[in-house]
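S.K.: Got a sequence here, can you build the structure:
(chains A and B)
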Amino acid sequence: MTEPTLHEVKVPRIRQWEPWFFVGPSLLLLLAVGLYPTVFVAYFSFHNWTMGMGPPVFNGFDNYIETLTSSDFISSILRTFLFLIVTLPIELCLGLSIALALDQTRNAWLRRLVQILLVVPIATTPSVVGMLVQLMFNTQLGVVNYGLHVLGIAPIDWLGNAHAALGMVMMTQIWEWTPFVALVLSASLATVPQDIEEAITLETESFWARFRYIKLPFLRPGLVASIVFQTIFTIKTFDMIYSVEKGGPGDATQMIALHIERIAFRGFDVGLASAESVLTLIVTIVLAQTVVSFLYKDEV
Amino acid sequence: MAQISIDGVTKRYGATEVLKRLDLSVAEGEFMVLLGPSGCGKTTLLRMIAGLETPSTGRIMIGGTDVTLTPPAKRDVGMVFQSYALYPHMTVRENIALGLKLRGVTPTEIASRIERVAALVQIAPYLERKPKALSGGQRQRVALARVIAREPSVSLMDEPLSNIDAQLRTVMRAELLRIHRKTGMTTIYVTHDQEEAMGLGDRITVMNFGHVEQIGTPDEIYAHPANAFVARFIGAPRMNLIRLAHRPGANAIEAAGIRAPVPATLGTLPPDLFLGFRGEEARPGAAHDGEAMIEGVVDVVEHLGAQIEVHLRLDDGEEAVFRRPRGETIWREGERASLAIPAAHLHLFNAETGAALRA
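M.R.: As a prediction, the model looks like this:
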């Protein structure tokens, strides 16, 4: 008997390319709005280019040296860190409290309502947030000073006083982003299987023990995600502060993103602004990576 | 170890009544099986004993104390969940240790208890592994170890063998019994598998639609089912129940292909009856005095290894199933056959109420 002939199976070329048709459009879009500007910025960070003052000229690391020796840049970076160090822990604590409270809520209707309310600050247009904040913190007309007045505290010049202004944008930042943390953590808490919650209630009544031994390990990925995202969002904070204070009074609320904007679109020094952007990007990546490598363990 | 009593417990979810005024008592050290089809309320009852659900009415006592409103952690009960509910982020050792640690057991005592239970349920080699690195059977042992190490006065098990394969299930069944004999823990075990219930239980509570159909030893339930539901539910193959009409005054019940004596001690019979008999208690051949006779056409013969299963089609269309030893060649499909059943193995049920008629 002769061996039957085995035919090579030929997959049509079009089938091999098929995945690219699906991935292609979004990939192109990502390249256009993500990768291209990054490359653009990286390229011009090595050039001396002030818009309207002739073509870009390569100048090596001059922009980086100028940036790193600029007290204005350094103080903006430090101010941004202060902003991050104050707001992030508060956002985490408040967000975790809200998530835990939601998790305990038996009333499904109430839980749904709170979840919807949590989306409001995230969904509100930053410029609208800015207008509302200006109104609420207005020295004469604002509801905040009215509240302080009721408590017997003298009115504060929120928009004019440097410290008060920084405090005000911190409070606004916390108001704007705590719900995001709360939603992420509440999604993490929802991953705790019901039988495991029940198993631990057979062991202990203590909320703290149940939190530490069961909920916290399940919260870990959500906490890491919150910290990483909040670090990134906070470092690049621009819109809210811009619409409230434009970095003022003076440079009291000038975070790094506002500083870059000032250099790029008011000084038109694209080269210098690009170098600052690249440095900020590096700092952000290093921070995020540090958080991930320290905190993230694939446990559950 | 403790005695458990359930007094008049009802559980409602909205308008649905899951348990209906249920009474049950479990003796100290007893292995009690709650058996019933899915949705009969057996798991709800177990969860109420654990404290994971609160009864709508009634009282639950453990060891003479009313625990109806006691939080689960204060009831001193251990539970093996159907899904095992092992803590996924902890090693086997940590899984067993957590409950002990939370109850203030000293570290040296914890270590020695873990050694003991690990040997008992044979998981010593896996103590440092996480649950996801274990097989189903190993996880089941860990869940069991977690309860045993705690030494609770009551251990509750919710279908613990349903997620492991059939072969391992028989092994684990024997092991559960061995462990129960050793620890003497009062155990309540929920299952829908009657074979498992018969094998494990000191007593079985057969439940259906939120109420108790019968409580008794496996033998009582098998030999003297209290009603048609229990008769159908217990035993494989299930008991044959054939609907018959009884003419008043007759000393036998008769139908197409059946003639069964009626003991005079039963008194007046209802007009509508089920005659019940188990296939394994019939023998081929003509009926002697006082035996029931059943006759029909052999419909199908199935070969099951050690036994053959014979399906007999009675003249009025009803079917009766018998198990006979392998190699019995008198059963030929399409031919008529008759069998005799000793009177002691006949069961009569009121077809309307389902209740067994007993002398």
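S.K.: what sits up against the host helix or strand of residue A:130?
M.R.: Assigned by DSSP states H and E, residue A:130 belongs to helix A:126-136. Contact with helix A:126-136 is made by A:121, A:141-144, A:159, A:168, A:172, A:176, A:239-240, A:242-244, as judged by CB atoms under 8 Å, 6 or more residues apart in numbering or on different chains. Quick note: C-beta positions are derived from backbone N, CA and C, even for glycine.
S.K.: Show me which positions of it end up buried.
M.R.: A:126, A:129-130, A:133-134, A:136 (16 or more other CB atoms under 10 Å in any protein chain shown).
S.K.: Repeat that for stretch B:48-60.
M.R.: Applying 16+ other CB under 10 Å to stretch B:48-60 flags B:48-53, B:55, B:58, B:60 as buried.
S.K.: From chain A, how far off is the residue lying closest to residue B:122 once chain neighbours are set aside?
M.R.: Excluding its sequence neighbours, the residue lying closest to residue B:122 (CB to CB, 6 or more residues apart in numbering or on different chains) is residue B:141, at 6.7 Å. Applying CB to the nearest CB, to the nearest Å, the value for residue B:141 to chain A is 16 Å.
S.K.: again, but for residue B:113
M.R.: 15 Å.
S.K.: mind checking the SS state of that residue?
M.R.: Under the three-state scheme (DSSP: H, G, I helix; E, B strand; the rest coil), residue B:113 adopts helix.
S.K.: C-terminal to the lowest-mean-pLDDT helix or strand in chain A, which secondary structure element comes first?
M.R.: Lowest on mean pLDDT, DSSP states H and E among the helices and strands of chain A sits strand A:57-58, with a mean of 82. As assigned by DSSP H and E, the chain's next helix or strand after strand A:57-58 is helix A:62-68.
S.K.: What is that following helix packed up against?
M.R.: Secondary-structure packing of helix A:62-68 (3 or more CB pairs under 8 Å, 6 or more residues apart in numbering or on different chains; DSSP states H and E): strand A:47-48, helix A:270-295.
S.K.: So which residues lie in contact with the least confident helix or strand of chain A, not counting its own?
M.R.: By CB under 8 Å, 6+ apart, the list of residues contacting strand A:57-58 from outside reads A:46-49.
S.K.: and the spatially most central residue of chain A, what does it touch?
M.R.: Computing the C-alpha centroid of chain A and ranking residues by CA atoms, centre = their mean puts residue A:233 first, at 1.7 Å. Neighbouring residues of residue A:233 by CB under 8 Å, 6+ apart: residue A:177.
S.K.: now residue B:213
M.R.: By CB under 8 Å, 6+ apart, the neighbours of residue B:213 are B:36, B:206-207, B:226-227, B:229-230, B:233.
S.K.: excluding its backbone neighbours, what's nearest it?
M.R.: For residue B:213, the spatially nearest residue (CB to CB, 6+ apart) is residue B:206, at 4.4 Å.
S.K.: Contact residues of chain B facing chain A?
M.R.: Within chain B, the positions near chain A by CB under 8 Å from any CB of the partner chain are B:50-52, B:71-74, B:77-79, B:81-83, B:85, B:87-90, B:98-99, B:102-103.
S.K.: List only buried entries from these.
M.R.: B:50-52, B:72-73, B:77-79, B:81-83, B:85, B:87, B:89-90, B:98-99, B:102.
S.K.: Where do the helices of the chain begin and end?
M.R.: Using chain A. A:13-30, A:36-44, A:62-68, A:71-104, A:108-123, A:126-136, A:143-150, A:162-189, A:194-201, A:207-210, A:216-235, A:239-244, A:256-265, A:270-295 (DSSP state H).
S.K.: Chain B is the one I meant
M.R.: So, for chain B - with DSSP H - the helices run B:42-50, B:92-102, B:107-120, B:136-150, B:166-183, B:194-200, B:218-223, B:228-233.
S.K.: Residue A:37: which of those helices is closest?
M.R.: Between residue A:37 and these, the tightest spacing by CB to CB is seen for helix B:92-102, at 48.7 Å.
S.K.: got any ranges where chain B has weak pLDDT?
M.R.: B:1, B:248-250, B:359 (pLDDT under 70).
S.K.: okay if I get the helices and strands packed on helix A:62-68 as TSV plus mean neighbour count, mean pLDDT and distance to residue A:253?
M.R.: Compiled in TSV, the helices and strands packed on helix A:62-68 are given as follows (neighbours: other CB atoms under 10 Å in any protein chain shown; pLDDT from 0 to 100; distance: least, CB to CB, whole Å):
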stretch	mean neighbour count	mean pLDDT	distance to residue A:253
strand A:47-48	19	86	30
helix A:270-295	18	90	17
